[in-house]
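Novice: Make a model of this:
(chains A, B, C and D)
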2 protein chains.
Amino acid sequence: MQPAIAIRSIPSGPVPDRRGAGNNVVRVSNACSSCGLGAVCLPCGVGNEHIEAIEQLVYQRKRVKRGEFLYRSGDRFHALYTFRTGFFKSYMTSEDGRTHVTGFQMPGEILGLDGIEDERHSQDVVALEDAEVCVIEYAQLAQLSAKVPDLQRHLHRMMSREIVRDHGLMLLLGTMRADGRVAAFLLNLSQRFAARGYSASEFNLRMTREEIGSYLGLKLETVSRVLSRFQERGLIYAQNRAIRLLDLGKLKAETFDA
Amino acid sequence: MQPAIAIRSIPSGPVPDRRGAGNNVVRVSNACSSCGLGAVCLPCGVGNEHIEAIEQLVYQRKRVKRGEFLYRSGDRFHALYTFRTGFFKSYMTSEDGRTHVTGFQMPGEILGLDGIEDERHSQDVVALEDAEVCVIEYAQLAQLSAKVPDLQRHLHRMMSREIVRDHGLMLLLGTMRADGRVAAFLLNLSQRFAARGYSASEFNLRMTREEIGSYLGLKLETVSRVLSRFQERGLIYAQNRAIRLLDLGKLKAETFDA
DNA sequence: CGACCTTTTGAACGTATTCAACCGATGTGG
DNA sequence: CCACATCGGTTGAATACGTTCAAAAGGTCG
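Specialist: Residues are numbered from 1 along each chain as shown, chains lettered A, B, ... in the order given. Coordinates of the predicted model:
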């Protein structure tokens, strides 16, 4: 048995302004410019001269506690969401009740795109960690993006990114063995933590083995076994939710055909 | 051995205007209004008063012969595509050379959305059947959709639909057994043929067992075996590319947990 | 008409799943 | 504060499913 390690939990993001508070709707007027997520969030790629306009879009903040839903399948679509702090998972349920986790979302990533098609959401989105969510009314976003080409472009890009991401996941689900899937999953998390300024090699998982398995098309026991195997081989150190990546090269190699 | 059946191949769509021909660029000005794909294509959902504007977008037609690429991974993105006749497959290739078919496209469906993100296409798209493609310059589409809210809405909807479609496929790849996958695949094709006015129960596959397998995350032998099994049980009749669905109910039942 | 590609089918194999037991951490109520 | 219940995670053994390897037949296209 290896010694336990202490991995600091990811610190909370900056606390937003609370001026002009309504009842349960808190206005956060110039939030975006002080948010620190600029590089990964909506304003990214939009010129500074339009930041103000974007800030007007995010007219409402919402707190979603761990275990609560941001939205549910069948809910009427009216807004897109991003968030400063917290962690979400999204999942689909089929007619006959099978469920599949479609993604885990980190601060700055967009949620709600599944609802545009037919004005109803087709997934459930639940917080795995308390979250501060920025609500972007779709009607307003559409209106503004018609006036600000950069914003339109950015919105399209985000949707396209989601499509490309999904294709990547399909490739993983369609062609990789269990070891490759888990390795790819860990490397993906690592990269996304790094993009947010956290350690690329040490982090805490926010989800259970079962949720990982659902995401990767594996059973929870298989995920557990693969993690144990990686640990035996010295590729990672895993203690429950705490993960330390010890050999990124070998982990990457696992994603090749193996 | 059952007797061979003759399945009519899907008739070609209407032949577009060719007035105002350039060199290899053929202008097809009021193509959309006479195309017959309205219900499934770009103009769908956009008021008649704007049809003309949309027709201006499709300023170029392109012929892509069977086996030729519409675009390739890495190609610079500049346009979205739809088509009146033909059949395409799209696929991704990973760093280490594994490939995965991400979709089979029928007339009226949109191609190219994967390229918006970083101005490069991330997939290869190849014709499985000679095709007449409508090229929609992205810059123009973006410009027009800023002026025509219905068009903007419709564009967003198409991207969202692609996202939702991909999630459905992920669910299939992540949770279904071989029989369920193949059944779901056949039913999906059936539905899409029906939406285009063709028989829902009799059609010719345009793709090989290997391509089906790549799409479904199975090997070609497995696809072949499942089809044989379905045939023995009287769910379908399959003779090479010709498919006849004999029991939609039982086929649907295959997609439930089995 | 001939070469090549696609499809089918069989048999052996390997990988992930299933079922089950156990452990440890977390949280609740007495 | 401790006892207990619950949940999440690990591990083992047997099983089931899809893959791999191989051979042969049937189609298709130049």
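Novice: Output the below-cut-off pLDDT ranges for the stretch 1-150 of chain A.
Specialist: Along the stretch 1-150 of chain A, segments meeting pLDDT under 70 span A:1-31, A:38-39.
Novice: does A:E221 count as helix, strand or coil?
Specialist: helix (DSSP: H, G, I helix; E, B strand; the rest coil).
Novice: For B:T102, see how far away it is.
Specialist: If you measure A:E221 against B:T102 using Cβ to Cβ, to the nearest Å, the figure is 30 Å. The way it works is simple: take the backbone N, C-alpha and C, and place the C-beta from them, glycine included.
Novice: ok, those two, which is more surrounded?
Specialist: More crowded of A:E221 and B:T102, by other Cβ atoms under 10 Å in any protein chain shown: B:T102, with 26 against 11.
Novice: Surely that one is in a strand?
Specialist: Yes. Assigned with three-state DSSP, B:T102 falls within a strand.
Novice: My read is that it contacts B:Y91, right?
Specialist: Yes. B:T102 lies in contact with B:Y91 (Cβ atoms under 8 Å); the separation is 5.9 Å.
Novice: How far off centre is the helix or strand containing A:L128?
Specialist: A:L128 is part of strand A:124-137, with elements assigned from DSSP states H and E. Here the centre of strand A:124-137 is set off from its chain's centre by 10 Å, with Cα atoms, centre = their mean, to the nearest Å.
Novice: Please apply the same query to stretch A:222-229.
Specialist: That offset, for stretch A:222-229, works out to 23 Å (Cα atoms, centre = their mean).
Novice: May I see the buried residues of it?
Specialist: Going by neighbour count (16 or more other Cβ atoms under 10 Å in any protein chain shown), the buried part of stretch A:222-229 is A:222-227.
Novice: Give me the distance between the most centrally placed residue in chain A and chain B.
Specialist: When Cα atoms, centre = their mean is applied to chain A, the residue found nearest the centroid is A:Q105 (1.1 Å). Distance, A:Q105 to chain B, by Cβ to the nearest Cβ, to the nearest Å: 14 Å.
Novice: Now for B:T102 and B:Y91: what residues contact both?
Specialist: B:Q123 (Cβ atoms under 8 Å, 6 or more residues apart in numbering or on different chains).
Novice: wait, isn't A:L227 in contact with A:I236?
Specialist: Yes. Contact status for A:L227 versus A:I236: in contact at 7.0 Å, counting by Cβ under 8 Å.
Novice: Just the C-alpha atoms of the helix or strand following the strand holding A:L128, please, in PDB.
Specialist: The helix or strand immediately downstream of strand A:124-137 is helix A:138-147, counting by DSSP H and E. Output of helix A:138-147 as PDB, limited to C-alpha atoms (Å, rounded to 0.1, in the frame of the first residue of the first chain):
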ATOM      1  CA  TYR A 138     -30.900  32.600 -25.900                       C
ATOM      2  CA  ALA A 139     -33.200  35.200 -27.500                       C
ATOM      3  CA  GLN A 140     -30.800  38.000 -26.400                       C
ATOM      4  CA  LEU A 141     -27.800  36.100 -27.400                       C
ATOM      5  CA  ALA A 142     -29.200  35.600 -30.900                       C
ATOM      6  CA  GLN A 143     -30.100  39.200 -31.200                       C
ATOM      7  CA  LEU A 144     -26.700  40.500 -30.100                       C
ATOM      8  CA  SER A 145     -24.900  38.000 -32.200                       C
ATOM      9  CA  ALA A 146     -26.700  39.400 -35.300                       C
ATOM     10  CA  LYS A 147     -25.100  42.700 -34.500                       C
END
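Novice: Tell me what angle whatever helix or strand comes next after helix A:138-147 forms with strand A:124-137.
Specialist: As assigned by DSSP H and E, the chain's next helix or strand after helix A:138-147 is helix A:149-175. Angle of helix A:149-175 versus strand A:124-137, following axes from the mean of the first three to the mean of the last three Cα atoms, to 10 degrees, is 170 degrees.
Novice: and helix A:149-175 with chain B, contact?
Specialist: Yes. For helix A:149-175 and chain B, the contact criterion (Cβ under 8 Å from any Cβ of the partner chain) is met by A:149, A:152-153, A:155-157, A:159-164, A:166-171, A:173-175.
Novice: cool, and stretch A:51-68?
Specialist: No. Residues of stretch A:51-68 are not located near chain B by Cβ under 8 Å from any Cβ, the shortest gap being 14.3 Å.
Novice: pLDDT at the residue nearest to A:L218 when sequence neighbours are not counted, what is it?
Specialist: Of all residues not flanking A:L218 in the chain, A:A178 sits nearest, at 5.5 Å (Cβ to Cβ, 6 or more residues apart in numbering or on different chains). Model confidence at A:A178, given as pLDDT, is 98.
Novice: near DNA strand D, which residues of the stretch 151-258 of chain A?
Specialist: The stretch 151-258 of chain A comes close to DNA strand D at residues A:205, A:208-210, A:220-221, A:223-225, A:227-228, A:238, A:240-241, as judged by Cβ under 7 Å from any atom of the strand.
Novice: how about TSV for those, with pLDDT, distance to DNA strand C and secondary structure added?
Specialist: Converted to TSV, those look like this (pLDDT from 0 to 100; distance: Cβ to the nearest atom of the strand, whole Å; DSSP: H, G, I helix; E, B strand; the rest coil):
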residue	pLDDT	distance to DNA strand C	secondary structure
A:L205	97	13	coil
A:T208	97	11	coil
A:R209	98	11	helix
A:E210	97	11	helix
A:L220	98	8	helix
A:E221	98	4	helix
A:V223	98	8	helix
A:S224	98	9	helix
A:R225	98	6	helix
A:L227	98	13	helix
A:S228	97	12	helix
A:A238	96	13	strand
A:N240	91	7	coil
A:R241	95	9	coil
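Novice: For these, give me a markdown table that also has distance to B:D75.
Specialist: Below are those laid out as a markdown table (distance: Cβ to Cβ, whole Å):
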| residue | distance to B:D75 |
| --- | --- |
| A:L205 | 38 |
| A:T208 | 41 |
| A:R209 | 40 |
| A:E210 | 40 |
| A:L220 | 41 |
| A:E221 | 43 |
| A:V223 | 37 |
| A:S224 | 42 |
| A:R225 | 41 |
| A:L227 | 39 |
| A:S228 | 43 |
| A:A238 | 41 |
| A:N240 | 45 |
| A:R241 | 42 |
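Novice: Identify the residue nearest A:V182 in space, chain neighbours excluded?
Specialist: A:V226 (4.4 Å).
Novice: Give me the contacts around whichever strand or helix holds the one you found.
Specialist: For A:V226, the enclosing helix or strand under DSSP H and E is helix A:220-232. The contact list for helix A:220-232, computed with Cβ under 8 Å, 6+ apart, reads A:178-179, A:182-183, A:208-210, A:212-213, A:216, A:218, A:236-238, A:251, A:254.
Novice: how about 10 Å then?
Specialist: A:2, A:177-183, A:185-186, A:205, A:208-216, A:218-219, A:235-239, A:243-247, A:250-251, A:254 (Cβ atoms under 10 Å, 6 or more residues apart in numbering or on different chains).
Novice: Out of the residues you listed, list just those in helices.
Specialist: Mapping those onto helices (DSSP state H) picks out A:178-183, A:185-186, A:209-216, A:250-251, A:254.
Novice: Show the buried residues in those residues.
Specialist: A:178-183, A:185-186, A:209, A:211-216, A:251, A:254.
Novice: what does the stretch 51-200 of chain A have sitting close to DNA strand C?
Specialist: Going by Cβ under 7 Å from any atom of the strand, the residues of the stretch 51-200 of chain A near DNA strand C are A:177-179.
Novice: B:I110: which of the residues you listed is nearest?
Specialist: A:R177 (33.0 Å; Cβ to Cβ).
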